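[1] give me coordinates for this.
(one chain, ligands or ions: 2)
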Amino acid sequence: MMALKNNRPHFPHTKGRQLDPKALDEIQQLLGSGSRKRDMLIEYLHLIQDAYGHISASHLAALASDMKFSQAEVYEVASFYAHFDVVKEGDTRPPALTVRVCEGISCEMNGARELASSLKEALGDGVRVQPVPCIGACDTAPAVAVGQNRIGLASLENISQAVVDEAIRTTLPAYIDFSSYDGYVAYKECLSGQKSRENVLGEIETSGLRGLGGAGFPVSRKWRFLLANSRPKIIAVNADEGEPGTFKDRHCLETNPHKVLEGALIAAWVIEAGAIYIYLRDEYPHIRAILEEEIAKIEQAGLSEGVKIHLRRGAGAYVCGEETALLESLEGNRGLPRNRPPFPANEGLFGLPTLINNVESLYFVAEIVTRGAEWYSQAGRPHFYSVSGHVREPGVKLAPAGISVNELIEKHAGGMTDGHTFTGYLPGGASGGILPASKGGLAMDFGTLEEYGCFVGSSAVVILSDKDDIRDVVKNLTAFFKEESCGQCTPCRAGCEKLSLMLESGDWDDDLIRGLSDAMREASICGLGQAASNPVISALNFFRGEVS
Ligand SMILES: Cc1cc2nc3c(=O)[nH]c(=O)nc-3n(C[C@H](O)[C@H](O)[C@H](O)COP(=O)(O)O)c2cc1C
Ligand code: SF4
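    Ligands and ions are numbered 1, 2, ... in the order given. The predicted structure is shown next:
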């Protein structure tokens, strides 16, 4: 990711650049009568990137002028996000087609590097082959995304069949649309008065539903904070899903988008919010198409009366999944996490009290309000696990909270891949640490893995085998955090950098690493810096013989 950081390309003409009338005309045509408010800035940068394949200096200056911002401000935002190709005068534009090869941990374990080099060779200079962080397709590792942000099948004519096949694979899946969704019954009961706010809150409280975005905060408790606030309120649906190994939100939205939308509408009704902002990761363009279509249908049906649903695109920055960075991004800024307090429940999006919930949390809200708290607790508080790595049947698995990885592998994922022996696992994506196979019987739930320095987070379970080198796994995960650190605070920025250098040099000095890790954990503003050393600390704790 590009950020505050000093490794940014120098861009000398951000201030006081002459306005090119042609560029201004093009920008005004592109933006049309759309709002010129600040929160639309990232959406408009996407429009330019999509239309021209890059963002030129003259378009950037024209956008700044049209939106009445300084050029430096617009440049600062555009250059923060990996999905914008900001090109200064005289620099080469990127090729018309980009093939993104995922270098997330599951993909790297399944030959992503080799795939990237063979694609580079096969496609030549006319196509950009770009290694990128996890694209949320770990079940099909090694995964690639074809096209700038969308799949451009027309432009694929001259390139290899394998690439075309990949592109087709990621087009619109079959999903339950509005006409076949057997739902909104619970929501209609809320609107008609058959259910009271207290009924709904009570059901969610009794069910024990905890936030499934990573932190596991009790859903009902968060809603009560918001309900107690009498100011106008907003809901932000966190669909950023950037944690390497996680693809369960994609599954919820691909298969049953209305369950998520119903959950969000129920939340809006309970806390009395007038707007819902869905922040969707840019790597899921097919889901954007689904949501655009299905939101229009519920609006037409009058179901969302009094609640405006906004769909916004992320732009390739993992940190924007952190809830306060997400708010900044929704406001059209760089995704720099905020200091707390104030907490979003008091002062969130546009300064208003904001409820932030993960996609899957809202999916289960709809399930619980429809089927009852008793059903949910009796079923063992089920939720989705993203399972990838060396198992026969990777994918999204519905299983009770507290299932062990042994059971998940054997009962849900078809056992280990042939020729692989289970040696360890990531219970919660890149952030959640690494556990050895000897701890494969532990219950994976909120609070059960912390004593081992790990956590279940968003339940992204990556299975390692005797064919993986734990040092490579740790290096991959640490490099990810280094790339994605927003650079705002020194312990994280410098700590990630230093940690990566030490690991790459082979100098795995136990004391030095642990000292650095403590400083990062204690002094970083957000969860990224606090968790970035988890992989290496786990390796030192549980795989000492393999890393010394
Ligand atoms: C670096 C970082 C990245 C995060 N990424 C996501 C994400 O992609 N999706 C998500 O729902 N939560 C993510 N979270 C957690 C959110 O900050 C927040 O806890 C969550 O969206 C709240 O929703 P929930 O209570 O329904 O889980 C992330 C946290 C951190 C520190
Ligand atoms: S901990 Fe890292 S990602 Fe989080 S605010 Fe600080 S520098 Fe940014």
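[2] contact residues of this structure facing ligand 2?
    Listed as neighbours of ligand 2 in the chain under the rule CB under 6 Å from any ligand atom: 319, 337, 485-489, 492-493, 524-526, 528-529. For the C-beta atoms, the positions are set from N, CA and C on the backbone; glycine is no exception.
[3] by mean pLDDT, flag the weakest helix or strand of the protein.
    helix 161-169 (a mean of 57; mean pLDDT, DSSP states H and E).
[4] so what's the gap between stretch 526-540 and the chain middle?
    Put simply, stretch 526-540 sits 18 Å off its chain's centre (CA atoms, centre = their mean, to the nearest Å).
[5] for the residue nearest to residue 256 when sequence neighbours are not counted, report the pLDDT, please.
    Counting by CB to CB, 6 or more residues apart in numbering, residue 256 lies nearest to residue 176, which is 4.9 Å off, once chain neighbours are set aside. Listed pLDDT for residue 176 reads 91.
[6] considering only the stretch 51-200 of the chain, name the residue that lies closest to ligand 1.
    Here the residue of the stretch 51-200 of the chain nearest ligand 1 is residue 136; by CB to the nearest ligand atom that distance is 9.5 Å.
[7] got the contact list for that residue?
    241, 242, 246, 247, 249, 250, 281, 283, 284 (CB atoms under 8 Å, 6 or more residues apart in numbering).
[8] does the fourth one touch residue 139 like I think?
    Yes. With contacts defined as CB atoms under 8 Å, residue 247 counts as touching residue 139 at a distance of 6.3 Å.
[9] need the residues touching each of these two.
    Joint contacts of residue 247 and residue 139 (CB under 8 Å, 6+ apart) are 386, 388, 396.
[10] on that earlier part again, now the residue of the stretch 51-200 of the chain closest to ligand 1. Nearest residue, chain neighbours left out?
    In this structure, residue 136 finds its nearest non-sequential neighbour in residue 247, 4.5 Å apart by CB to CB, 6+ apart.
[11] among the contacts of residue 136, which are in helices?
    249, 250 (DSSP state H).
[12] restricted to strands, list the contacts of residue 136.
    Among these, none falls in strands (DSSP state E).
[13] circling back: find the helix or strand that the residue of the stretch 51-200 of the chain closest to ligand 1 is a member of.
    Residue 136 belongs to no helix or strand when assigned by DSSP states H and E.
[14] how about the backbone phi and psi for the closest residue in space to residue 89 that isn't next to it in sequence?
    Of all residues not flanking residue 89 in the chain, residue 57 sits nearest, at 5.3 Å (CB to CB, 6+ apart). Here the main-chain torsion angles of residue 57 (degrees, to the nearest 10) amount to phi -60, psi -40.
[15] ok, residue 57 touching residue 90?
    No. If you go by CB under 8 Å, residue 57 and residue 90 don't touch, sitting 9.4 Å apart.
[16] ok, the two, which is more surrounded?
    Using other CB atoms under 10 Å as the criterion, residue 57 and residue 90 rank with residue 57 on top: 22 against 6.
[17] ligand 1 contacts on the chain?
    Counting by CB under 6 Å from any ligand atom, the chain comes close to ligand 1 at 211-215, 217, 238, 240-243, 319, 321-323, 356-358, 361, 526-528.
[18] ok, back up a step: and the next helix or strand past the least confident helix or strand of the chain?
    helix 185-192.
[19] what residues of that next one count as buried?
    Neighbour-count burial for helix 185-192, with 16 or more other CB atoms under 10 Å as criterion, is recorded at 186, 187, 189, 190.
[20] for stretch 124-143, measure first residue to last.
    Taking CA to CA, to the nearest Å, stretch 124-143 runs 19 Å from one end to the other.
[21] ok now that stretch, how far from the chain's centre?
    Taking mean C-alpha positions (CA atoms, centre = their mean), stretch 124-143 and its chain are 16 Å apart.
[22] thinking again about what came up before, dump the residue contacts of the residue nearest to residue 256.
    Taking CB under 8 Å, 6+ apart, we find residue 176 in contact with 255, 256, 257, 258.
[23] I appreciate the help and will end here.
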